[in-house]
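Trainee: test case, fold it:
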Amino acid sequence: MIETSEYVNAVVDQTSIFADWVHGRDPATPVPTCPEWTLVDLVDHVGSTQRMVSMLVGERMTEPSRAFAGHVPGPTDPAQWRAWLTGTAAEAERAFASVTDDTPVWDPSGGEAGVPFWSRRLFGEACVHRADAAAALGEEYELAPEPAAAAIEDWLANMTSRGYWENRAGFADAIRGDGQTLHFHATDAAGEWVARREPDKVVLERTHTKADVAVRGPAADLLLVLSRRRSLDATPTLDLHGDRALLRHWIEHMDWVAG
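Mentor: Sure thing, here's the model as predicted:
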């Protein structure tokens with residue numbers, strides 16, 4: 001199990017790479033993996049999310065409205081982006097250092113573990129949005145197998161959480177089912193997940209079993225496909241067996257990240 005401090009350290013590292021990539025670049029650069037965004041939107045989202053989470057955790061908020069109301073847009077001058085982004089990551093690092101895993105903090109997943117939830121969520125955000133920056137700027141995206149598997153865990157845990165189901169009616173309507181199963185298997189790191197679509201929830205199990213559709217391959221490539229950052233057709237490293245239409249329907253509705 002990955003510790004909160006390990007997630008936070010990885011957030012700082014991932015944000016540093018992201019900041020180096022975007023620093024000084026054209027704010028109007030389109031982000032093809034988030035079609036409604038330009039680079040300035042992506043930078044603002046990454047830094048502002050880290051700042052909001054820093055407020056939630058550092059001030060031990062059990063209700064999020066004050067953190068949402070405290071949103072301040074990031075700088076539009078790309079010459080300021082590196083310093084701003086490394087600063088928001090440092091704020092998050094200080095906030096998590098000031099609490100313990102059992103400190104009460106609002107948990108949108110519907111669970112009761114706000115501090116671990118947010119450390120993992122910031123890590124997943126950093127991994128996926130660095131892929132967005134890579135696509136926008138022509139950078140090579142690399143992510144080691146173990147952190148990639150951890151980012152998949154974050155993605156799937158969030159998308160199958162009770163809180164997400166209850167607060168996204170369109171998602172719930174689209175993804176409810178009568179037992180259809182999807183199996184995701186990272187071949188270069190420890191990570192297997194089976195998602196089962198039920199009428200009132202999605203059940204996520206960390207196991208190996210037969211499923212209606214299975215997709216397996218390197219963790220980083222699996223992350224990019226599941227998070228809609230790369231198409232399955234453009235990812236020959238992944239093997240798919242079973243109901244392709246079921247997988248396509250699942251991916252089309254995995255829209256945790258805006259864009």
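Trainee: only C-alpha atoms from now on, for both contacts and neighbour counts.
Mentor: OK.
Trainee: how is A157 assigned, secondary-structure-wise?
Mentor: The local conformation at A157, judged by DSSP: H, G, I helix; E, B strand; the rest coil, is helix.
Trainee: the closest residue to it other than its chain neighbours sits in which helix or strand?
Mentor: Nearest residue to A157 in three dimensions, chain neighbours excluded: L204, at 7.4 Å (Cα to Cα, 6 or more residues apart in numbering). Using DSSP states H and E, L204 sits in strand 202-205.
Trainee: residues of that strand that come out buried?
Mentor: Using 16 or more other Cα atoms under 10 Å as the burial criterion, the residues of strand 202-205 that qualify are V202, V203, L204.
Trainee: just stretch 174-190 next, same as before
Mentor: I175, R176, G177, T181, L182, H183, F184, H185, A186, T187, D188, A189.
Trainee: of those, which belong to helices?
Mentor: I175 (DSSP state H).
Trainee: ok, the residue nearest to A157 to P116 distance?
Mentor: 18 Å (Cα to Cα, to the nearest Å).
Trainee: surely V72 is in contact with G47?
Mentor: No - in this structure V72 lies outside contact range of G47 using Cα atoms under 8 Å: 9.9 Å.
Trainee: for the stretch 101-250 of the chain, just list every one of the helices.
Mentor: Using DSSP state H, counting those that start in this stretch, the helices of the stretch 101-250 of the chain run over 114-137, 145-159, 162-167, 169-175, 219-226, 244-252.
Trainee: that older thread, my read: the residue nearest to A157 touches A195, true?
Mentor: Yes - taking Cα under 8 Å as the definition, L204 is a contact partner of A195 at 4.6 Å.
Trainee: who touches both of the two?
Mentor: Common neighbours of L204 and A195, counting by Cα atoms under 8 Å, 6 or more residues apart in numbering, are absent.
Trainee: G70 - how many residues pack around it?
Mentor: Using other Cα atoms under 10 Å, G70 is surrounded by 12 other residues.
Trainee: should've said E112
Mentor: So E112, with other Cα under 10 Å, has 15 neighbours.
Trainee: more neighbours: V72 and G47, which one.
Mentor: In terms of neighbours (other Cα under 10 Å), G47 is the more surrounded of V72 and G47; the figures are 24 against 12.
Trainee: quick one: residues contacting A133.
Mentor: Neighbours of A133 in contact, by Cα under 8 Å, 6+ apart: F18, W21, V22, V31, L39, L42, E139.
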